[in-house]
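J.: Give me a model of this one.
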Amino acid sequence: MARSLTDSLKLELQLGKFLGNLSNGYVADLGLNHVFMPQWRFSPFLTLGTGLERTEPKATLVVRATRLTRRPTQASAGVTI
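T.: Numbering: from 1, shown residues only. A predicted model of the protein is given here:
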């Protein structure tokens, strides 16, 4: 889901769930995307964001908390067409 704040700024929210052989979990990411020249055909952009990742192991491999929570950060650059 994304919401345009201006012609060149966009706020993005992503929610997801992952299922695996060893663990399941949830992911939530929030990012701010800036397009430098939105009127150009090929527009360069930068994205900065953070999120929350929660992993629930299916098996006990180590004696400790069964749920793991991390706060990943992201930075990306590219060109929109």
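J.: drop to CA atoms for contacts and neighbour counts, all remaining ones
T.: Will do.
J.: Find the helix or strand that the residue nearest the centre of the chain is a member of.
T.: Geometric centre of the chain, nearest residue: Asp29, 3.6 Å, by Cα atoms, centre = their mean. Per DSSP states H and E, Asp29 falls inside strand 23-35.
J.: Give me the helices and strands touching that strand, please.
T.: Secondary-structure packing of strand 23-35 (3 or more Cα pairs under 8 Å, 6 or more residues apart in numbering; DSSP states H and E): strand 9-19, strand 43-57.
J.: Direction included, what does the helix or strand that comes right after the last one pair against?
T.: The one in question is strand 43-57. Using DSSP H and E, the next helix or strand after strand 43-57 towards the C-terminus is strand 68-70. Strand pairing for strand 68-70, determined by DSSP bridges: strand 43-57 (antiparallel).
J.: Low-confidence bits of this protein, can you list those?
T.: Counting by pLDDT under 70, the ranges of the chain that qualify are 60-67.
J.: which ones are touching Lys58?
T.: Lys58 is in contact with Asn21, Leu22, Ser23, Asn24, counting by Cα atoms under 8 Å, 6 or more residues apart in numbering.
J.: ok, now with 7 Å
T.: Leu22, Ser23 (Cα atoms under 7 Å, 6 or more residues apart in numbering).
J.: Excluding chain neighbours, give the residue nearest to Leu48 in space.
T.: Excluding the flanking residues, the one nearest Leu48 by Cα to Cα, 6 or more residues apart in numbering is Ala75, at 4.6 Å.
J.: How about Pro44?
T.: Leaving aside its chain neighbours, Pro44 sits nearest to Val79 (4.3 Å; criterion: Cα to Cα, 6+ apart).
J.: quick one: the one you found and Arg41 touch, right?
T.: No - using Cα atoms under 7 Å, Val79 makes no contact with Arg41, being 9.6 Å away.
J.: From Leu9, how far off is Gly16?
T.: Note on Gly16: its distance to Leu9, by Cα to Cα, to the nearest Å, is 23 Å.
J.: which of the two has more neighbours?
T.: Leu9 (18 against 10; other Cα atoms under 10 Å).
J.: Any idea what that one is bridged to?
T.: Applying DSSP bridges to Leu9 yields these beta-bridge partners: His34.
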